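Novice: Take a look and give me a structure for this.
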Amino acid sequence: MIHQSISRAALALLSFSSLAAGQWVNLWPGDAPGSKPRPAGSESVVKGRLSDIETPQYQAYLPDKAKSTGAAVVIFPGGGYGILAADHEGRDYAQWLTGHGIAGIVVKYRVSGKPELGYQFPVPFLDARRAIRTVRAKAAEWGIDPQKVGVMGSSAGGHLASLCTTRFGDSFPEEGKDEIDRQSCRPDFSILIYPVISMTDLLSHKGSRKNLLGENPSPEALLKYSTDKAVTKDTPPVFLLSTSDDMVDCRNSLEFAAACKANGVPVSLHLFEKGGHGYGLKGKGDLATWPLLLEQWLAARFPPLHVGP
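Specialist: Numbers count the residues shown, from 1 in each chain. Predicted coordinates for the structure are as follows:
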């Protein structure tokens, strides 16, 4: 029985190893605000996908000091606000960034397909804002310039990143309880990969909308959290990537880019013909070149950006 227990423990460690390159650290002291605490052991981890998040946390991946640019990116994996694709839209991005001298902080924000858990808006947004503030609070410890902290998100994680990019001026009674919450949550730049942007009937990804805003959101909420409607002259520079055959209508990205243009916000939009959705760094055909486009965009902002594997 002892040997069997050890074997099961070893297998569990192996299955979790792809997510455990960095230590998960709690975002909030004590219970996270906005929802009831979850019992220990209730979170699900299946093939790099997390669901029914128990405790919002982050993993910090830091570059070698010799090639650090001082920049950091807070990463929000996608998954329709129901799961988190924490491997290919989290860890893989973080490792790519650290290879280029940029810190990558993967965020395990609260999501679930079960409405009874109470993870609808603003719960994921609270976690995202807390993560940005945490990076700034730890900037000196991690060798980060607090004025070079950006966000990156894919799919629904792109919507969350775009909320951070546009609605950083919002306030919530759950915040402001400690020194970390007094840091700015405005990102200095934004990387949106095949993002959900709109909550409207025409363009929204219905699953993401339902998990975030509930079954019957008000017309006012649909407009308020369609982030293309929230772009202003204070929105930071944006990198956008989509494909014309994406299940998340590429007009989400086009509308956001158009709003940036209208408000004088620097925006780099890349629209490929084919590639679908959820490919992370592993696009095929012409789409395989997209990480190079991001590398060039980042290099223009954070020299000396490390180039290469």
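Novice: going forward, measure contacts between C-alpha atoms and count neighbours the same way
Specialist: Will do.
Novice: the strands in this protein, which residues?
Specialist: 25-26, 44-46, 49-51, 57-61, 72-76, 83-85, 103-108, 149-154, 190-193, 238-243, 267-272 (DSSP state E).
Novice: Any chance of CSV for those strands, columns mean neighbour count?
Specialist: CSV is the format used below for these (neighbours: other C-alpha atoms under 10 Å):
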stretch, mean neighbour count
strand 25-26, 16
strand 44-46, 13
strand 49-51, 22
strand 57-61, 22
strand 72-76, 31
strand 83-85, 26
strand 103-108, 30
strand 149-154, 28
strand 190-193, 27
strand 238-243, 23
strand 267-272, 17
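Novice: Residue 302 contacts residue 69, correct?
Specialist: Yes: at 6.1 Å, residue 302 counts as touching residue 69 under the criterion of C-alpha atoms under 8 Å.
Novice: okay, the two: which has more neighbours?
Specialist: residue 69 (25 against 16; other C-alpha atoms under 10 Å).
Novice: which ones are touching that one?
Specialist: Residues near residue 69 by C-alpha atoms under 8 Å, 6 or more residues apart in numbering: 101, 102, 302, 303, 304, 305.
Novice: ok, and the most crowded of those residues?
Specialist: Neighbour-wise, these (other C-alpha under 10 Å) top out at residue 102, 29 neighbours.
Novice: What count of nearby residues applies to the residue lying closest to residue 175 once chain neighbours are set aside?
Specialist: Counting by C-alpha to C-alpha, 6 or more residues apart in numbering, residue 181 is the residue found nearest to residue 175 once chain neighbours are left out, at 6.1 Å. By other C-alpha under 10 Å, the residues close to residue 181 number 19.
Novice: Can you verify my assumption that residue 181 contacts residue 132?
Specialist: No: when contacts are counted by C-alpha under 8 Å, residue 181 is not listed as touching residue 132 (9.6 Å).
Novice: thinking again about what came up before, adding distance to residue 258, write the strands of the chain out as CSV.
Specialist: Below are the strands of the chain laid out as CSV (distance: least, C-alpha to C-alpha, whole Å):
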stretch, distance to residue 258
strand 25-26, 37
strand 44-46, 38
strand 49-51, 33
strand 57-61, 32
strand 72-76, 23
strand 83-85, 28
strand 103-108, 28
strand 149-154, 19
strand 190-193, 14
strand 238-243, 11
strand 267-272, 9
